[in-house]
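Q: What follows is a predicted structure for the sequence shown.
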Amino acid sequence: MSGDRPLSGKTAVVTGGTRGIGFAIAERLVADGADVLVTGTAPDGGGPAGTRYRAADFTDAEATDALADTLRAAAPDILINNAGINRNTPFADIPAADFDDIQRINLRAPFLLIQAVLPGMRERSWGRIVNICSIWSKVVRPGRASYAASKFGLEGITAAVAAEAAADGVLVNAVSPGFIDTELTRRTVAPEQLEKLIADVPAARLGTPEEIARFVAWLAGPENTYISGQNIAIDGGFTRV
């Protein structure tokens, strides 16, 4: 195994790998030598150069089940559950349909995909699963009940699966990004709001998708031999003040 391509010979799946953090993770895994499949919702979408693409709309239970069946047969070495959505709404006004959509994408899909890949990983005595949570799995603000429920739930799944699978060589962790400088952030957060967010971060800046990707790739690689069951914030210190 080449030192600069530590994932040579490994196969990886990155959900939501067509933009932002997911794109950066997939790009990094390719650079590290992995054969990477990314998912997205567009029928003709795609991820970074060197990846393969599979459309999967996680609001559709049949589509999610079909992807799980595909992964069960493909038996990847690495699973990165990155796909997610967020809709901020005061608790009393949350439509049940919105709550359900968020749980389907952020929680049900990772649950099913982990179930699909775990047997193969255990059989080979090696596997890495990284669930992309959020700082809102550690702290909360008003309007985030649906999203926080899904991400706190994903942290719970992370800890439970890690407890069951670590002895079989399968390490399962969560990463919780803070405020990250993505196209979506720039498009949905007004400049004056962005300044206020940055003022709350001890590092005094936004994070980058590449900073998240580097650590996720390390957790997913052979150098991680003993970290499991953790939810690690990459947030410039935001959740510690």
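A: Thanks, I have the structure now.

Q: For residue 138, list the residues it contacts.
A: Residues in contact with residue 138 (Cβ atoms under 8 Å, 6 or more residues apart in numbering) are 176, 231, 233, 239. Where C-beta positions appear, they are placed from N, C-alpha and C, glycine not excepted.

Q: PyMOL command for the buried members of those residues?
A: Buried subset of the contacts of residue 138, written as a PyMOL selection, criterion 16 or more other Cβ atoms under 10 Å:
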select buried, resi 176+231+233
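
Q: any chance of the contacts of residue 138 in JSON lines, with distance to residue 90 too?
A: Shown next, in JSON lines, are the contacts of residue 138 (distance: Cβ to Cβ, whole Å):
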{"residue": "176", "distance to residue 90": "24"}
{"residue": "231", "distance to residue 90": "26"}
{"residue": "233", "distance to residue 90": "26"}
{"residue": "239", "distance to residue 90": "23"}
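
Q: Now, the contacts of residue 138 that are in strands?
A: Secondary structure from DSSP state E places 176, 231, 233 of those in strands.

Q: What segments of the chain are helices?
A: Taking DSSP state H, the helices of the chain run over residues 20-31, 61-74, 96-103, 109-124, 145-165, 183-188, 191-199, 209-219.

Q: Lowest average pLDDT across the ones you listed?
A: Here the lowest mean pLDDT among the helices of the chain goes to helix 183-188, at a mean of 83.

Q: Show me how far it is from its chain's centre.
A: Computed by Cα atoms, centre = their mean, to the nearest Å, the chain-centroid distance of helix 183-188 equals 18 Å.

Q: Surely residue 32 and residue 25 touch.
A: No: applying Cβ atoms under 8 Å as the test, residue 32 and residue 25 come out as separate, 10.6 Å apart.
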